[in-house]
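S.K.: pasting the structure only:
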C-alpha cells in the first residue's frame, strides 16, 4: 500500500480560479513533506519543503499546509495560470540516515482558458 | 549552471540488450539518486549514492547497477534489458545541507526507455 496518497487524481480548473490539492501520508518516522511540480516531459521541480514544526509555507501563488497530527497536507494554487498545468507530487521524507523519500502518484492539474 | 543533465532523452532497446543511462551534475552535490517513474505510480528509488565511491540499493534495484567514480557522474547500467524495465528514468542530486535531509532534490529531465 502506498504510504503517500493524493487526491484528486486529476482536476480541470478555469484560468484565474483557485484550487486545493490533498495529500495524506502514513510514512514514519516523519522528517519533512515536499511538494513538487512536474511539467509534461520534464523532471520534478521543488515548490516547498516543510518540516514537522512548520504548518504553512508559500512559494509565490503556491501555499502548502501541513498537519503533522493528522498526517495531512494540502497545496493551494491561487489565481491559476495556464502555466500551472502540470502534475503536482506530494513527497514525504523519513528521518533515516539518508533521507528516504516516498512519492505520491501526483495530481494532474489542467488549467483551461 | 546546467544542473542535472541526463542522456539520452529517448531510447528503444531490444530484450536482452544492455545500455548505460548517463547522469551528470555541476552543483558539486554529494547525494545522487536514480528513480524510475511508471504511469500512475510514484517515483521509485533504484539506487543512491552519498558520495564518490559509495553507492547503495534503493527499493527496486534488481536488474540495474551503478557506479560513482566522481562527484559529478552517476551512470545507471541495465545489463539484460527486460520489458518490465520500460519506464521513465530520473536522476536527481541534492546538497548535503546542515539538516538531516531537508534539502530539495534537483532532477534531470529524464530518459524515456522502451524495451521491445
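M.R.: Okay, I see it. Just so you know, these numbers come straight off a predicted model, no measurement behind them.
S.K.: how about the strands of the chain, start to end?
M.R.: Let's take chain A. A:4-7, A:10-14, A:19-25, A:30-38, A:45-51, A:56-59, A:62-67, A:72-77, A:86-94, A:101-103, A:107-112 (DSSP state E).
S.K.: wait, chain B
M.R.: Using DSSP E, strands in chain B cover B:4-7, B:10-13, B:19-25, B:31-37, B:44-51, B:54-57, B:64-66, B:76-78, B:87-94, B:106-107, B:111-115.
S.K.: Distance check, residue A:8 against chain B.
M.R.: From residue A:8 across to chain B, the span is 14 Å (C-beta to the nearest C-beta, to the nearest Å). Every C-beta, even on glycine, is put in place using the N, C-alpha and C of the backbone.
S.K.: Report how many residues lie close to that residue.
M.R.: When neighbours are counted by other C-beta atoms under 10 Å in any protein chain shown, residue A:8 registers 11.
S.K.: do the one 5 residues further on as well
M.R.: Residue A:13 is flanked by 16 other residues according to other C-beta under 10 Å.
S.K.: correct me, but it touches residue A:21?
M.R.: No: taking contacts as C-beta atoms under 8 Å, residue A:13 lies outside contact range of residue A:21: 10.8 Å.
S.K.: Touching both of these two, which residues are there?
M.R.: Each of residue A:109 lies in contact with both residue A:13 and residue A:21 under the rule C-beta atoms under 8 Å, 6 or more residues apart in numbering or on different chains.
S.K.: and the lowest-mean-pLDDT helix or strand in chain A, which strands flank it?
M.R.: Lowest on mean pLDDT, DSSP states H and E among the helices and strands of chain A sits strand A:101-103, with a mean of 91. Strands that pair with strand A:101-103, judged by DSSP bridges, come out as strand A:86-94 (antiparallel).
S.K.: Name the nearest residue to residue B:42, sequence neighbours excluded.
M.R.: residue A:103 (3.3 Å; C-beta to C-beta, 6 or more residues apart in numbering or on different chains).
S.K.: low-scoring pLDDT stretches of chain A, where are they?
M.R.: By pLDDT under 70, the weakly predicted segments of chain A are A:1, A:96-99.
S.K.: Find the centremost residue of chain B, please.
M.R.: residue B:34 (2.5 Å; C-alpha atoms, centre = their mean).
S.K.: May I have the predicted confidence score for the residue nearest to it when sequence neighbours are not counted?
M.R.: In this structure, residue B:34 finds its nearest non-sequential neighbour in residue B:46, 4.4 Å apart by C-beta to C-beta, 6+ apart. On the pLDDT scale, residue B:46 is placed at 96.
S.K.: now swap in residue B:31 and tell me
M.R.: In this prediction, residue B:31 has a pLDDT value of 91.
S.K.: how many neighbours does the residue nearest to it when sequence neighbours are not counted have?
M.R.: Setting aside the residues directly before and after it, residue B:31 is nearest to residue B:94 in space (C-beta to C-beta, 6+ apart), at 4.8 Å. Using other C-beta under 10 Å, residue B:94 has 21 neighbouring residues.
S.K.: Could you list the low-pLDDT ranges of chain B?
M.R.: In chain B, residues with pLDDT under 70: B:97-101.
S.K.: Show me what from it comes close to chain A.
M.R.: Counting by C-beta under 8 Å from any C-beta of the partner chain, chain B comes close to chain A at B:4, B:31, B:35, B:40-45, B:48, B:50, B:56, B:90, B:92, B:99-110.
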